[in-house]
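Student: any chance you could fold what I've pasted below:
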Amino acid sequence: MSTLAEKTWFGQPRGLTILFLTNMWELFSYYGMRTLLVYYMTKQLLFAQEKASFVYGAYTAMAYFTPILGGAIADRWLGKRNAVIIGGSVMALGHFLMAFEPLFFVALGTIALGNGLFLPSLPSQINDLYRADDPRRGRAYNVYYVGLNIGGFMAPLVCGTLGELYGWHYGFGAAGIGMFAGLVIYVLGRNYLPPEIRASRSAVPIAGTRVDDQKTLWLLLLGVGLAVTVFRGAYEQIGNTLPLWIDAGVDTSWGNAVIPMTWFQSLNPLLVISMTPLLLLHWRRRADAGNETSPARKMAIGAVIVALAYLLLATLQGWAGGDRLAWPWLLLFFGILTLGELYILPTGLGLFARLAPPRLGATTVATWFLAVFSGSLLAGAVGMLWSYISHSAFFLVLSGLAAMAGAVLWMLDRPVRGVEAGRFASPVSALTTAGKAETTSAQTNGEAAAGVPVSERGEGQQAGRVDHPC
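Tutor: Sure thing, here's the model as predicted:
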C-alpha cells in the first residue's frame, strides 16, 4: 500500500484515477443504454407500456441481484482484477447485442450477468491503495463518486442524442464503445492498481457477540431494507414512467429548438455533482455543532423530500389538465428529488456497512443490493399502473409510497440508534475496533453519493464499495 500511495496524480494514488475512469465509462454505458430502454421498447419494438415497464423493472432488478453472487465468485475464485475484466467484457458484448432486435432479451441478460462480476469488484479495490492511517482515504470516495456521476451525466447527452435523433442502435453502440473504453483504461493501468489481497481463512474470535444482539441487528436491517424497497418503488420511476411522461406531457421546446427528451435524464447526475459539496458542508457544520442527524432519521427526511417532489408533479399535472407543462418545472422537480436521494440512498448504504457484524461485512452489504433488487421489481409492478389511472393519481401513488417509507424509517430511528450505541460502546473484538474507523469513514463519505441510480446504480459500499445510481 505504501509504495502505491507514494506515486500520485492530483495528490491521490495513481490507481484511483484508473478506477475513477474505468467506472466512469462503465456508468456511461449502463445509463446510456438505460436512457434509451423504455423509449426503444415502446417506439421501436412496439411493446405495450405495461409490458415495457415490467421488462424495465426486471432488468434493473437483475442488475442489482447478480452482484450478490458475483461478489462471492470474485472473492472465492476469480479475484477482483479478473472479475472486472471478464464482467466488463461480457457487458460490452451485451451492449453490442442490443443492435440486433431478435437478441433483445439475450442482450439484457448478458449485461446483467457481466454487471454481477464488475460492480462489486471495482470499487472494493480503493481501500487497498491506502494505508489504514492515510487521511486521503476518506476523500477518495468523494473523488470516485464524481466519476460515477460524470458518466451518468454524459450518457443521456451522447447515447440519448444518437439514439433519439439518428437511430436506436447508434445509441446502444455508443454505450458498448464506452464500456470497451473503460476496459482498455483498466488493463493499461493495471500496474497502478493494488495487488490482490487474499482473505484469510483463519477464524477470528468474536468476543461479546450474543445471539440476541445479532437477531435484533438483522431484524432492524430487514426493516430498513423493506422501507428502502418501498422507497425505490417510487424512486426508480425516474427511468421508467417519467421518461414517458416527459415525452407526452412536457413541452420541451426552447424558442425554435426542441430539447431532446433524453437530455433531461442528465439533470439528476448533474445535480448530484453540484449539490453534494454543499450538502456535505451543511452536514459537517451540524456535526461540529453537536447537532448531527442520525442515519435513520436522515433517511426518513430524504424519503419525505422525494414524496414532496412527486406531490409537486401530481399538483402540476392536475393543474395543467390536458396541456403540456413547461420544461423548467422539471428542473424544480429534479432538484427536490435529488436532494432527497442524497439524504437516503448513500446514508442507508453507509448504515449497512457500519452495522455489519464482524466477518460478515460482504454479506451485510449484499443485503443492501437485495433491497435494491426487490425495489426495482416493485418499481416495475408499480409502473404498470401508468396506463390504468390518471397521471396525476399515479404521481400521488408514488408520493404515498415514498412517504410510507419515510414513516417506517422514522419509527426505526430509536432502535437503530440503540443498536449503534451498544455496538460501538462495547469492545467486541480487535477486528471490530479496527473496522470502526473504516466503516465510519465509509458512511461519512457514502453520504456524498447519490443512488444509483446514479443513483443508485450501482447505488454498495463496504470499505470502498459504491452503490450504482441506477
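Student: low-confidence regions, this protein specifically.
Tutor: Counting by pLDDT under 70, the ranges of the chain that qualify are 1-11, 123-124, 127, 132-133, 135-146, 197-212, 353, 356-366, 423-470.
Student: that one: strands as residue ranges?
Tutor: For the chain, the strands defined by DSSP state E occupy 8-9, 12-13, 250-251, 253-254, 257-258, 325-326.
Student: could you check how far the residue lying farthest from the centre of the chain is from Val250?
Tutor: Taking Cα atoms, centre = their mean as the measure, the residue most remote from the mean C-alpha position of the chain is Asn256, 36.3 Å away. With the distance defined as Cβ to Cβ, to the nearest Å, Asn256 ends up 18 Å from Val250. Glycine gets a C-beta too; all of them are placed from N, C-alpha and C.
Student: equivalent analysis for Trp329, please.
Tutor: When Cβ to Cβ is the yardstick, Trp329 and Val250 sit 8 Å from each other.
Student: neighbour count for the two, which is higher?
Tutor: Comparing Trp329 with Val250 by neighbour count (other Cβ atoms under 10 Å), the higher total belongs to Val250, at 21 against 15.
Student: is the more buried one bridged to anything, and to what?
Tutor: In this structure, Val250 has beta-bridge partners Leu325, where bridges are defined by DSSP bridges.
Student: begin at 28, not 1, for the rest of this chat.
Tutor: Sure thing, new numbering starts at 28, so read that last one as Val277.
Student: isn't it right up against Leu357?
Tutor: Yes - in this structure Val277 lies within contact range of Leu357 using Cβ atoms under 8 Å: 6.4 Å.
Student: between these two, what contacts are shared?
Tutor: When contacts are counted by Cβ atoms under 8 Å, 6 or more residues apart in numbering, the set common to Val277 and Leu357 consists of Phe291.
Student: output stretch 58-75 as PDB, restricted to C-alpha atoms.
Tutor: What follows is stretch 58-75, C-alpha atoms only, in PDB (Å, rounded to 0.1, in the frame of the first residue of the first chain):
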ATOM      1  CA  TYR A  58     -27.000   4.800 -18.200                       C
ATOM      2  CA  GLY A  59     -26.600   5.300 -21.900                       C
ATOM      3  CA  MET A  60     -28.500   2.000 -22.500                       C
ATOM      4  CA  ARG A  61     -31.000   2.600 -19.700                       C
ATOM      5  CA  THR A  62     -31.800   6.100 -21.100                       C
ATOM      6  CA  LEU A  63     -33.000   4.600 -24.300                       C
ATOM      7  CA  LEU A  64     -34.500   1.400 -23.000                       C
ATOM      8  CA  VAL A  65     -38.200   2.400 -22.400                       C
ATOM      9  CA  TYR A  66     -38.300   4.600 -25.500                       C
ATOM     10  CA  TYR A  67     -36.800   1.700 -27.600                       C
ATOM     11  CA  MET A  68     -39.300  -0.800 -26.300                       C
ATOM     12  CA  THR A  69     -42.400   1.400 -26.800                       C
ATOM     13  CA  LYS A  70     -41.400   3.100 -30.000                       C
ATOM     14  CA  GLN A  71     -39.300   0.500 -31.900                       C
ATOM     15  CA  LEU A  72     -40.400  -2.900 -30.500                       C
ATOM     16  CA  LEU A  73     -43.900  -1.600 -30.000                       C
ATOM     17  CA  PHE A  74     -44.300  -3.100 -26.500                       C
ATOM     18  CA  ALA A  75     -47.400  -2.100 -24.600                       C
END
